[in-house]
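1. Got a sequence here, can you build the structure:
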Amino acid sequence: MSSIENISEGNFPITFNPYKHHLGFLKEQIEVWKKKGWKEAEQEIKLIGTNLIDIYFGRLTIDEIFGEIHLLAKKNGLTSPIELAHWLDPLEYRKTELSDNSFWVIKQGQDSSRFLHIHPGKYSPFTMRVKATNLKTVIAVKILTGDNIQPDLPVINKIRKEKLKMSPVKGLVEGKGIARLLANFSSM
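-> Residues are numbered from 1 along each chain as shown. As a prediction, the model looks like this:
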């Protein structure tokens, strides 16, 4: 059972998009997408959005993150959107540190049953800030080429143009952008 299935079964009032914010989840999901095929994967990849995002690559699973946030909520009496709003006041968010020293942002969620909206903190340990287009590119490359080859610029640009309807990139710079994400996806 994947982490996303556990989320829907959990009794956590938490909103969290693992497609945008959890590298471990994405690596599991890539294996699922490889079996489903590109058309289905393409629809789910849209959940990543289009902006800059912070993606967590630490050791904590989604369930562990939820467990720690749930304990924080219990300790602070955050049992409803009203209590959360009071706890957040005067700001619209708070940061909390988890057991691995990563920082997470807690905000008011839109859904009253999942009122704790969380995501990794900007520039937090075990978090990297990435362009959504670069993340989508790396995911598509991993789905379509597998792990056996190190994709080069022509392969990456072909996938960007034909599968993602994106413009090509001029180059790959080690430690930056697409190249950095490919390295992180390969290292876990």
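2. dump the residue contacts of residue 138.
-> 178, 181, 182, 185 (C-beta atoms under 8 Å, 6 or more residues apart in numbering). The way it works is simple: take the backbone N, C-alpha and C, and place the C-beta from them, glycine included.
3. got the CA positions of the strand or helix carrying residue 29 in CSV?
-> When elements are assigned from DSSP states H and E, residue 29 belongs to helix 23-36. Taking C-alpha atoms only, helix 23-36 is exported to CSV below (Å, rounded to 0.1, in the frame of the first residue of the first chain):
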residue,chain,number,x,y,z
LEU,A,23,10.4,13.0,-3.1
GLY,A,24,10.0,9.6,-1.6
PHE,A,25,6.3,9.5,-2.5
LEU,A,26,7.1,10.6,-6.1
LYS,A,27,9.7,7.8,-6.5
GLU,A,28,7.1,5.3,-5.4
GLN,A,29,4.5,6.9,-7.7
ILE,A,30,6.9,6.8,-10.7
GLU,A,31,6.9,3.0,-10.4
VAL,A,32,3.1,3.0,-10.4
TRP,A,33,3.0,5.3,-13.4
LYS,A,34,5.4,3.1,-15.3
LYS,A,35,2.9,0.3,-15.0
LYS,A,36,-0.2,2.4,-15.8
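4. Excluding sequence neighbours, find me the nearest residue to residue 25.
-> Spatially, and ignoring its direct neighbours in sequence, residue 25 is nearest to residue 18 (3.9 Å; C-beta to C-beta, 6 or more residues apart in numbering).
5. how near is that neighbour to residue 171?
-> Separation of residue 18 from residue 171 (C-beta to C-beta, to the nearest Å) stands at 30 Å.
6. what does residue 63 give?
-> To residue 171, residue 63 is 39 Å away according to C-beta to C-beta.
7. Among the two, which residue is more densely surrounded?
-> residue 63 (13 against 10; other C-beta atoms under 10 Å).
8. Which helix or strand contains the more buried one?
-> Per DSSP H and E: helix 62-75 holds residue 63.
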